[in-house]
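Novice: Below are the sequence and a predicted model for it; my questions follow.
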Amino acid sequence: MTSLNRVKLALNHQEADRVPYDLAGTTVTSLSGVAFTRAMNLRGLPADYDDSKTVDIVSQIIIPPEDMLLRLKADTRRVGAGRVLDQDKVLKKNENTWSFTDQFNCVWEMVEGKDYYFNQTSHPLEQYEDMKDVLKNLSLPDLSGRKKEYFDLFDAQREGLAGAALIADRNCAGLTEMYLRFRGYEKGYMDMALYPDETRDIMDRIADHKMQYWDIFGDYIKERKLENEFLVVAECDDLGTQQSLLVSEGMLEDLVFPAMRTYLAFIKKKMPWVKIFFHSCGAVRPLIPTLIEMGIDILNPVQYTASTMDLAGLKKDFGKDLTFWGGGVDTQGTLSKGSPEEVRDEVKKNIDILAPGGGFVFVPVHNIQEDVPPENFWAMWDAWYEFSGY
């Protein structure tokens, strides 16, 4: 069975020959270059990768070479923009500190030997007290002149791929996350409480930026006649903590979800055949009925260690409406700190819960960062391979 058919069956809540495996199909289901190198070295496999193809420099996430994705039996492939426009031009190094300013005027820094990823050190709109100044100085890049550039990028990413399920991946963070990147966390949350009209305006502008990107991507798929290969569009917005939502359901419904509904409806109209993948960490169970109502088909990363996110309960209550793309093993705890035996046991347990009836794509809870021991990577992969058959 081809990867394309395997994933298609899973998305349609049918059992294939085995549970599909995603590695690097999106920037939230991949692994760091360090984790990849260590894992491949452990088994004497080629560990080289093209650092210029790092697709999420902030999280230090790579796309492994195609021959290794095939060897690892990954069923998915990512196609999409990098997180930072003109990355090679803006990235700088001063002694042991890397830094760059992204297309949204956010400043990021990473200290070698200390940080796993880049941390945001400056928020471009944090300085303003008056919301009129915030709105006046909000800058979102115009993508209209980049259509050919994106087409060329997507063509290059697809070169040499055959039989995999393609994922159209996003170009920026979610609405709430982008808002907080602009304003900083303290002022961003205060804005939501004190200035709802201006907050909605900014959310709408971010949604417009997303729709500009998805308009180009939809044109690309149609012009290249790839409707049967692109099964998924991946979007996101981190809305939960370990214990609760970031803000109240009422505030999300009032300030965030109107703009989200707009861009999700745009995607569905532009690409009616796709399933929409939505990434949100944390305790988001209270939002799931609303996410389904808004047109979301796939939930990631299924952070089952967060409050209310019991896997069996999620499968029972939402398994007919959602595909669970994640929940394979706990990245924060078991995968990074547990023994290989604990990893194996947890993978088997979670497959037993989520696999029946389809609607499950195996991937750990979020990216594999460099603190994951290579032995645990292989314990996860070996357990998936052993227990994923139907």
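Specialist: Noted; the coordinates are in hand. In this text, all values refer to a predicted model and were calculated from it rather than measured experimentally.
Novice: Report the secondary structure state of residue 46.
Specialist: Under DSSP: H, G, I helix; E, B strand; the rest coil, the three-state class of residue 46 is coil.
Novice: Look at it and say how many residues are nearby.
Specialist: The tally of other residues near residue 46 (other CB atoms under 10 Å) stands at 12. C-beta coordinates here come from the backbone N, C-alpha and C atoms, glycine included.
Novice: any idea how far residue 207 is from it?
Specialist: Residue 46 is 42 Å from residue 207, where distance means CB to CB, to the nearest Å.
Novice: Over to residue 182?
Specialist: In terms of CB to CB, residue 182 sits 14 Å off from residue 207.
Novice: Look at those two and report which has more neighbours.
Specialist: Neighbour tally, residue 182 and residue 207, criterion other CB under 10 Å: the higher count belongs to residue 182, 24 against 21.
Novice: residue contacts, that one?
Specialist: Going by CB atoms under 8 Å, 6 or more residues apart in numbering, residue 182 touches 104, 106, 123-126, 134, 138, 188, 202.
Novice: which parts of the helix or strand of the chain with the lowest mean pLDDT are buried?
Specialist: For the chain, the helix or strand with the lowest mean confidence is helix 87-90, at a mean of 89 (criterion: mean pLDDT, DSSP states H and E). Buried positions in helix 87-90, judged by neighbour count with 16 or more other CB atoms under 10 Å: residue 87.
Novice: What helices and strands are in contact with it?
Specialist: Using 3 or more CB pairs under 8 Å, 6 or more residues apart in numbering; DSSP states H and E, the elements in contact with helix 87-90 are strand 97-101.
Novice: all strands of the stretch 251-390 of the chain, in order?
Specialist: For the stretch 251-390 of the chain, applying DSSP state E, counting those that start in this stretch gives strands covering 275-279, 298-300, 323-325, 360-361.
Novice: same question for the first one, mean pLDDT?
Specialist: Confidence over strand 275-279, taken as the mean pLDDT, stands at 98.
Novice: Parallel or antiparallel, list what pairs with that strand.
Specialist: strand 230-236 (parallel), strand 298-300 (parallel) (DSSP bridges).
Novice: What lies in contact with the first one?
Specialist: Defining contact as CB under 8 Å, 6+ apart, one finds that strand 230-236 is touched by 4, 7-8, 11, 25-26, 28, 79-80, 165-170, 173-174, 177, 210, 214, 217, 221, 263-264, 267, 271, 274-280, 298.
Novice: Spatially nearest residue to residue 2 (excluding sequence neighbours)?
Specialist: Sequence neighbours aside, residue 163 is the residue nearest to residue 2 in space, at 4.4 Å (criterion: CB to CB, 6 or more residues apart in numbering).
Novice: And residue 278, by the same measure?
Specialist: Leaving out its chain neighbours, the residue that sits closest to residue 278 by CB to CB, 6+ apart is residue 296, at 4.4 Å.
Novice: same deal with residue 260?
Specialist: Closest to residue 260 by CB to CB, 6+ apart is residue 175, at 6.0 Å.
Novice: correct me, but the one you found touches residue 203?
Specialist: Yes: assessed by CB atoms under 8 Å, residue 175 is found in contact with residue 203 at 5.1 Å.
Novice: Rounded mean pLDDT for stretch 341-351, please.
Specialist: Stretch 341-351 shows a mean pLDDT of 98.
Novice: what's that stretch in contact with?
Specialist: Here stretch 341-351 makes contact (CB under 8 Å, 6+ apart) with 19, 304, 311, 327-330, 334-335, 338, 360, 362, 376, 379-380, 382-384, 386-388.
Novice: Repeat the analysis, applying 6 Å as the threshold.
Specialist: Residues outside stretch 341-351 that contact it (CB atoms under 6 Å, 6 or more residues apart in numbering) are 327-329, 334, 376, 379-380, 383-384, 387.
Novice: Same question for stretch 152-169.
Specialist: 2-4, 7, 25-26, 66, 75-80, 217, 220, 229-234.
Novice: Including mean pLDDT, could the strands paired with strand 275-279 go into CSV?
Specialist: Listed next are these as CSV, based on pLDDT from 0 to 100:
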stretch, mean pLDDT
strand 230-236, 98
strand 298-300, 98
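Novice: okay, these in TSV with mean neighbour count and distance to residue 37 next?
Specialist: Shown next, in TSV, are the strands paired with strand 275-279 (neighbours: other CB atoms under 10 Å; distance: least, CB to CB, whole Å):
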stretch	mean neighbour count	distance to residue 37
strand 230-236	24	25
strand 298-300	25	25
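Novice: Out of those strands, flag the one nearest residue 57.
Specialist: Closest approach to residue 57 among the strands paired with strand 275-279 is made by strand 230-236 (16.8 Å; CB to CB).
Novice: mind showing which ranges of this protein have poor pLDDT?
Specialist: Across the chain, the ranges flagged by pLDDT under 70 are 52-53.
Novice: again, only using 50
Specialist: In the predicted model, the chain carries no residue with pLDDT under 50.
Novice: Nearest the middle, which residue of it would you pick?
Specialist: The residue lying closest to the centre of the chain (CA atoms, centre = their mean) is residue 28, at 3.4 Å.
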